[in-house]
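>>> Could you work out the structure for the sequence below:
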Amino acid sequence: MKKVDVRVKRTYNQLFVALVDLLGEKSFDDLTVLEICERAGVHRATFYKHFVDKYDFLNVCFNFSLSNLTFDKIAESYTPETMKKSCMNMIAKVLDFVDENRAVVVSLSTDRSSTSFNSALNDAIAAFLEERINTVRPKNDKLSRTVPLLANYYAGAIVGIIKCWATNSDTFSRQDFLDFAEVKIDDLCNYFDKFI
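As a prediction, the model looks like this:
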């Protein structure tokens, strides 16, 4: 992502804060660009200078927010145990992100715009998993061929249960989520353990 001017960052932040505030009142699909701009104190012309429409704005917000997620550095190689630790650390950071942006995530979970968030989050998690799985030195190329499938399978599952947790946090605690995720990450680690 190219470097963003401080004034542009401030405008983006004003728009995002306005969006979060408005999502407490109505769904994203029912919001207009004018409402977001008025709440943010930003001219519509300025909005359209940076974004095609409110969906483009939302995608930029998601991608910018997700790009600020920092995960552990990639090790030269992973054992099943270090892979598990790395994956659980990633999941904990994603949960922190969802917690910090819960109002937006919950509000968007029923709108058609949830697809953008789910897709951006899925891509970030799949890239994380793929990079780490690729550090495993397989005995044959079977694992190498299936890495993208494996990464996207687990990323989709993680995104699905994160969405469930975000909208049902009164039913499932953070620890419930982590305990469940740990079992699934064990499955992943056990799968690639046979290729090391």
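>>> Tell me which helix or strand the residue most central in space within the chain sits in.
What sits nearest the mean C-alpha location of the chain, by CA atoms, centre = their mean, is residue 121, with 2.8 Å. Assigned by DSSP states H and E, residue 121 belongs to helix 114-133.
>>> Quick check: buried residues in the worst-scoring helix or strand of the chain on mean pLDDT?
Here the helix or strand of the chain ranked lowest by mean pLDDT, DSSP states H and E is helix 102-108, holding a mean of 72. Using 16 or more other CB atoms under 10 Å as the test for burial, helix 102-108 gives 104, 105, 106, 107, 108. Where C-beta positions appear, they are placed from N, C-alpha and C, glycine not excepted.
>>> The first one and residue 22 touch, don't they?
The one in question is residue 104. No: counting by CB atoms under 8 Å, residue 104 stays clear of residue 22, with 10.4 Å between them.
>>> picking that back up, for the least confident helix or strand of the chain, which helices and strands make contact with it?
For helix 102-108, the elements it packs on are helix 6-23, helix 114-133, helix 142-167, judged by 3 or more CB pairs under 8 Å, 6 or more residues apart in numbering; DSSP states H and E.
>>> Kindly calculate the angle that the helix holding residue 121 makes with helix 142-167.
140 degrees (axes from the mean of the first three to the mean of the last three CA atoms, to 10 degrees).
>>> Contacts for helix 114-133 next, please.
Contacts made with helix 114-133 from outside it, assessed by CB atoms under 8 Å, 6 or more residues apart in numbering, are listed as 55, 58-59, 62-63, 66, 69, 71, 74-75, 78, 83, 86-87, 90, 94, 105, 108, 143, 147-148, 150-152, 154-156, 158-159, 162-163, 188, 192.
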